[in-house]
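> structure here, sequence nowhere to be found:
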């Protein structure tokens, strides 16, 4: 889910919230700067689902991503095609 008011994408699983925070950079970019995945959910693929949701939203809205958190950087290493959404 996406909450633009708090600038985060999140998933609630097993009563815990995993999330990715971002800051808007003008009208054309998101600085993805923090991710939190609870330890008991870390190996369940939620991080990739969250980051994928960020990139899908960016694609739909023609927004570029500035990947400043480790989760986003790791996602990009595994998904080279998503590099086209990264702000240069």
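Thanks, I have it. The structure displayed is predicted, hence computed values, not measured ones. Numbers count the residues shown, from 1 in each chain.

> residue contacts, the residue sitting nearest the centre point of the chain?
The centre of the chain sits closest to residue 51, judged by CA atoms, centre = their mean, with a distance of 3.3 Å. Residue 51 makes contact with 20, 32, 35, 71-72, 75, according to CB atoms under 8 Å, 6 or more residues apart in numbering. (C-beta placed from N, C-alpha, C; glycine too.)

> what does it show for phi and psi?
Torsion angles at residue 51 (phi, psi; degrees, to the nearest 10) stand at phi -70, psi -40.

> now do the SS call for the residue nearest to it when sequence neighbours are not counted.
Nearest residue to residue 51, sequence neighbours excluded (CB to CB, 6 or more residues apart in numbering): residue 75, at 4.2 Å. Of the three states, residue 75 takes helix according to DSSP: H, G, I helix; E, B strand; the rest coil.

> quick one: contacts for residue 75?
Contacts of residue 75 by CB under 8 Å, 6+ apart are 47-48, 51-52, 55, 67, 82.

> and if you look at residue 46?
So residue 46 contacts 11, 13, 18, 37 (CB under 8 Å, 6+ apart).

> apart from its chain neighbours, what residue comes closest to it?
Nearest to residue 46 is residue 18, by CB to CB, 6+ apart, at 4.6 Å.

> neighbours of that neighbour, how many?
Residue neighbour count, defined by other CB atoms under 10 Å, stands at 22 for residue 18.

> packing partners for the one helix or strand it maps to?
In this structure, residue 18 sits in strand 16-25 according to DSSP states H and E. Applying 3 or more CB pairs under 8 Å, 6 or more residues apart in numbering; DSSP states H and E, one finds that strand 16-25 contacts strand 8-13, strand 29-36, helix 46-61.
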